[in-house]
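**Student:** Let me see the structure of the following:
(chains A and B)
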Amino acid sequence: MTANAIIELRKVGKWYNSYHALRDVSISIGKGEKVVVCGPSGSGKSTMIRCINRLEAHQTGHIIVDGIELTDDVKAVEKIRRKVGMVFQNFNLFPHLTVLQNLTLAPIWVRGMAKSEIEEIAMMYLKRVRIPDQAHKFPGQLSGGQQQRVAIARALCMRPEIMLFDEPTSALDPEMVKEVLDVMTELAGEGMTMVCVTHEMGFARQVADSIVFMAEGSIIESGSPAEFFENPKSERTRQFLGQILEH
Amino acid sequence: MSKQFPADPAPIPTAPVPPAHWAASYEEEPSQASAPPQANGMTALKPFGWAKDNLFNTPLNTALTVACLFLLWLVVPPMANWLLLNASWSGSSEACREAAGACWSVIVVKHRLIFFGTYPYDEQWRPFLACALFVAMLGASGVRAFWRPWLAVAWALTLVGMGVLMWGGVAGLTYVPNDRWGGLPITLMLSVFSIALAFPLSILLALGRQSSLPAIRTFCVGFIETMRGVPLVSVLFMASVMFPLFLPEGVTVDKLLRALAGMTLFTAAYLAEAVRGGLQAIPKGQSEAADALGLSYWQKTMLIVLPQALRIVIPPIVNQFISAFKDTSLVTIVGLYDLLTAATVATTDPEWRPYFAEVYVFAGLMFWIFCFSMSRYSQWLERLANRYTRR
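**Tutor:** Residues are numbered from 1 along each chain as shown, chains lettered A, B, ... in the order given. As a prediction, the model looks like this:
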């Protein structure tokens, strides 16, 4: 356990009724670290990162984000959610608002920022994800890749210290995956703390500081990309890598 | 079927009156022929070609078309004669007895009673003005350019103005207690106020029904199911007769207000279910995205969930509005004089008693005008709401 961890999970357990989704998951992520979480479907990887901003509540163990423990205390949860941005598999943009309004809504209402000020910042982020010309369109008028880049910009507008990505490219057409991964790679280069559930092993190899492999609700192994890909310790990992690297 | 019969060569039926059994056998499905499946853009320019393609393209369709024309020929001329051509438009009831058609003179003579009930005759300009003001404000509130903060101020002034006009007692106006109000003002005010109050209440009920707090959820479910489970008449009866029994001695709540409360609660229960339908149609991801951005429950509900949910349920909501508008006529059972009750009273005059049908046609027309306006407005609102999303 690193001393300066910004995210720390200690023996976290979670059940959906009788289904044991997370089993004693412990992980420590330092500031600026990029962690890629992978594993077969149903392994609990999405559940784990959704616990970090309490979209899901854990039942046992402790989750501490930037020194604040996640409990039922709504105030603590809100504090953490301001520090943690999240990008979803299905983008989850607000279809009744324009792209710009999607970006400025939370900063205005949650951070109390002035509209003119945040609009300027939002335009800057839209430029960074390379779609400033779409600012006044509605999400439904954009391609999947564009929508996901808007979703990243929306999360960034809250000036988060941590970004969570929950399979950000799984719902995209293949030719749009790259444009989203490029934005994420760029973000990684700027020192953002990132936790990313993805099956994009090329991205993992290039960007991740460490890779966490999960199966059946437990962390099977974690390590640097080099170790993970070249020298997987467990049989389960080798099997998984064999399956996804085949094609 | 078309293969068994020779193709019909004539674009127009040659026999104007087909055998009577045709009409009898197809009487129940006239829409098949009168509403052709689609109007082709090319042939629409040529009515004969269009008719041939759509009304006379098979022997069956030809038969249906002819049968419908025959039915129309049976129904429309007598109706037009009664409604318009042979109708008596003015004069005394004697003139009506001689005329073969409708007696519209009864409306001319009784319109003040129908519109304003037992409101003092010489003061009826006051409810007229109040209604005119009310309808004008309702119309203005539907215009998008007027959706500004000052509209609320205008509404506050309008309501005060209506109160002054209807009750009087100030500014030289004689006092008219509200048990003498009747007709259109009662119908309009009861329906609009009950709808306006029921709508926000229904949203709270719908949200409460989905609440994670068991006490709130149980209360909302119980309220909705109770209100939906009983007829409106019994709710009104409870509000009017039973409710005063529960009040401490000396405390009275106005009869009109009690009926309004009953209407509001009843309408809210129905609306709540329509709103819940909208809430359930919003993907969970919307709520999660709002949570992840740190929005509070109310911010999430007001900014993300409701704006999307409500535009989905515009049709069922307006359906409920229209239904509630017409249901105001049930307040007659607690002794309030709405438009329909006032119309009924107008038919009790022995001199004009034979012409009750005309009075009810007129009252029906009044209801139709308001309900049809709501329907048209909702269609416009739907187009406005859906202009940008998901296209």
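
**Student:** And stretch A:200-216, what's buried?
**Tutor:** Of all the residues in stretch A:200-216, those buried under the rule 16 or more other Cβ atoms under 10 Å in any protein chain shown are A:200-201, A:203-204, A:207-208, A:210-215. (Glycine included, C-beta is placed from N, CA and C.)

**Student:** Surely residue B:106 and residue B:357 touch.
**Tutor:** No. Counting by Cβ atoms under 8 Å, residue B:106 does not reach residue B:357; the two are 9.6 Å apart.

**Student:** which of these two has more neighbours?
**Tutor:** Higher neighbour count among residue B:106 and residue B:357: residue B:106, with 26 against 13, using other Cβ atoms under 10 Å in any protein chain shown.

**Student:** Can you give me the distance of the more buried one to residue B:85?
**Tutor:** When distance is defined by Cβ to Cβ, to the nearest Å, residue B:106 is 18 Å away from residue B:85.

**Student:** Then residue A:194?
**Tutor:** Using Cβ to Cβ, residue A:194 is found at 82 Å from residue B:85.

**Student:** between the two, who's got more neighbours?
**Tutor:** The neighbour comparison of residue A:194 against residue B:85 (other Cβ under 10 Å) goes to residue A:194, with 23 against 11.

**Student:** Got the phi and psi for that one?
**Tutor:** Backbone torsions of residue A:194, given as degrees, to the nearest 10, read phi -130, psi 130.

**Student:** Which residues lie in contact with it in this structure?
**Tutor:** A:33-35, A:162-165, A:184, A:187-188, A:207 (Cβ atoms under 8 Å, 6 or more residues apart in numbering or on different chains).

**Student:** What residues are bridge-paired with it?
**Tutor:** Applying DSSP bridges to residue A:194 yields these beta-bridge partners: residue A:34, residue A:163.

**Student:** Tell me the spacing between it and chain B.
**Tutor:** Note on residue A:194: its distance to chain B, by Cβ to the nearest Cβ, to the nearest Å, is 15 Å.

**Student:** same deal with residue A:117?
**Tutor:** 18 Å.

**Student:** confidence score at that residue?
**Tutor:** We note a pLDDT of 93 for residue A:117 in this prediction.

**Student:** burial measure for it, as a count.
**Tutor:** 12.

**Student:** Correct me if wrong, but it is in a helix.
**Tutor:** Yes. Assignment of residue A:117 by DSSP: H, G, I helix; E, B strand; the rest coil places it within a helix.

**Student:** Mind putting the buried residues of stretch A:200-216 into a markdown table with secondary structure?
**Tutor:** Below are the buried residues of stretch A:200-216 laid out as a markdown table (three-state DSSP):
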| residue | secondary structure |
| --- | --- |
| A:200 | coil |
| A:201 | helix |
| A:203 | helix |
| A:204 | helix |
| A:207 | helix |
| A:208 | coil |
| A:210 | strand |
| A:211 | strand |
| A:212 | strand |
| A:213 | strand |
| A:214 | strand |
| A:215 | strand |
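
**Student:** Can you show me the helices along the stretch 51-200 of chain B?
**Tutor:** Assigned helices in the stretch 51-200 of chain B, in chain order: B:59-80, B:93-98, B:105-116, B:125-141, B:149-167, B:184-209 (criterion: DSSP state H, counting those that start in this stretch).

**Student:** What helices and strands are in contact with the second one?
**Tutor:** So that's helix B:93-98. Packing contacts for helix B:93-98, counted by 3 or more Cβ pairs under 8 Å, 6 or more residues apart in numbering or on different chains; DSSP states H and E, involve helix B:105-116.

**Student:** Then the third one?
**Tutor:** Counting contacts by 3+ Cβ pairs under 8 Å, 6+ apart, helix B:105-116 is packed against helix B:93-98, helix B:125-141, strand B:182-183, helix B:184-209, helix B:339-346, helix B:356-385.

**Student:** could I have the first one exported to CSV, CA atoms only?
**Tutor:** Output of helix B:93-98 as CSV, limited to C-alpha atoms (Å, rounded to 0.1, in the frame of the first residue of the first chain):
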residue,chain,number,x,y,z
SER,B,93,-91.0,29.7,-29.1
GLU,B,94,-94.1,29.9,-31.3
ALA,B,95,-91.8,30.4,-34.4
CYS,B,96,-89.9,27.3,-33.3
ARG,B,97,-93.0,25.2,-33.1
GLU,B,98,-93.7,26.0,-36.7
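
**Student:** now that helix: mean pLDDT?
**Tutor:** 76.

**Student:** Just the residues contacting it, thanks.
**Tutor:** For helix B:93-98, the surrounding residues in contact (Cβ under 8 Å, 6+ apart) are B:88, B:103, B:105-106, B:351-352, B:354-355.

**Student:** buried sites along it?
**Tutor:** Neighbour counts over helix B:93-98 (16+ other Cβ under 10 Å) mark B:93, B:96 as buried.

**Student:** and what of the longest one?
**Tutor:** For helix B:356-385, a neighbour-count test (16+ other Cβ under 10 Å) marks B:358-359, B:362-363, B:366-367, B:370-371, B:374, B:378, B:381, B:385 as buried.

**Student:** Looking at those, which is nearest residue B:64?
**Tutor:** For those, the minimum distance to residue B:64 (Cβ to Cβ) is 31.1 Å, reached by residue B:371.

**Student:** and residue B:330, how far is that from chain A?
**Tutor:** 37 Å.

**Student:** Report the separation between that residue and residue B:146.
**Tutor:** As judged by Cβ to Cβ, residue B:330 and residue B:146 stand 33 Å apart.

**Student:** neighbour count winner among the two?
**Tutor:** Taking other Cβ under 10 Å, residue B:330 and residue B:146 do not tie; residue B:330 has more neighbours (22 against 13).

**Student:** pretty sure the more buried one belongs to a helix, no?
**Tutor:** Yes. Assessed by three-state DSSP, residue B:330 belongs to a helix.

**Student:** residues in contact with it?
**Tutor:** Taking Cβ under 8 Å, 6+ apart, one finds B:232-233, B:236 in contact with residue B:330.

**Student:** so how far is the helix ranked longest in chain A off the chain centroid?
**Tutor:** Ordering each helix of chain A by length in residues (DSSP state H) puts helix A:174-189 first. Centroid separation between helix A:174-189 and its chain, computed with Cα atoms, centre = their mean, to the nearest Å, is 13 Å.
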